[in-house]
Each structure stands twice: as structure tokens, then as C-alpha cells.
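J.: give me a model of this one.
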Amino acid sequence: MTEGFDQFSLTFTKFLKFRIENMTQQVLHPMVKLQRHARSLVDSGKLKPTDSLWKIALLYAEDWPYWKQELLDFGFSMQDQIHELLLVEAWDD
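T.: Modelled structure (predicted):
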């Protein structure tokens, strides 16, 4: 009898963990997405931390006007270096 309960408990725990992870991903600020992508590009060597933010435009093409405005709204200039974007710990509106 406890074996069935243990299996149920394990399955339910996995389900809850999955739901929590999905909810966490859904509420992330949009700038976290840009920041993570920039971090990935720096880590892969495609961008340097000292590159200007405008270089991201080359990668985002038609989505760039949106991201540019977001960066400007947070006080960045296109001449700021990518490492400044990566230093942000929290994105508050």
C-alpha cells in the first residue's frame, strides 16, 4: 500500500515541480530574455562584452525597434557596452 502512495507522491512532486518551473518562466520580464540571449552570445564569442548595444540590432533584425525602445526606456544608449546590460540584476518597470 505504501508503494502505491510513494509512486503517487513522486509523480505528484514531479508535476508540481514542472508547473512551478513553467510559471516561473512565464512571469520573467521580457528584458531577462534579451539579457540571457546577450549572455549566450558573449559566452559563445559571437559578441564581446565591450561591444556596443547596437550590435544586437544585427541579430534581432525586424524585432530590433521593440528591443531598442525597451533598452532606451531603461536608460541605456546604443553606445553603451553589452556588459552593462549583463550587469542588471533585476528589471523593474
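
J.: going by C-alpha atoms from here, please, whenever you check contacts or count neighbours.
T.: Will do.

J.: right, and the helix or strand after the helix or strand of the chain with the lowest mean pLDDT?
T.: Least confident helix or strand of the chain, by mean pLDDT, DSSP states H and E, is helix 2-26 with a mean of 66. Sequence-wise, the next helix or strand downstream of helix 2-26 (DSSP states H and E) is helix 30-44.

J.: can you pull the buried residues of that next one?
T.: Under the neighbour-count criterion of 16 or more other Cα atoms under 10 Å, helix 30-44 has Met31, Val32, Leu34, Gln35, Ala38, Arg39, Leu41, Val42 buried.

J.: I'd like the mean pLDDT over that helix, please.
T.: Mean pLDDT, helix 30-44: 93.

J.: which residues touch it?
T.: Contacts with helix 30-44, where a contact means Cα atoms under 8 Å, 6 or more residues apart in numbering, come from Leu47, Lys48, Pro49, Ile56, Trp67, Glu70, Ile82, Leu85, Leu86, Trp91.
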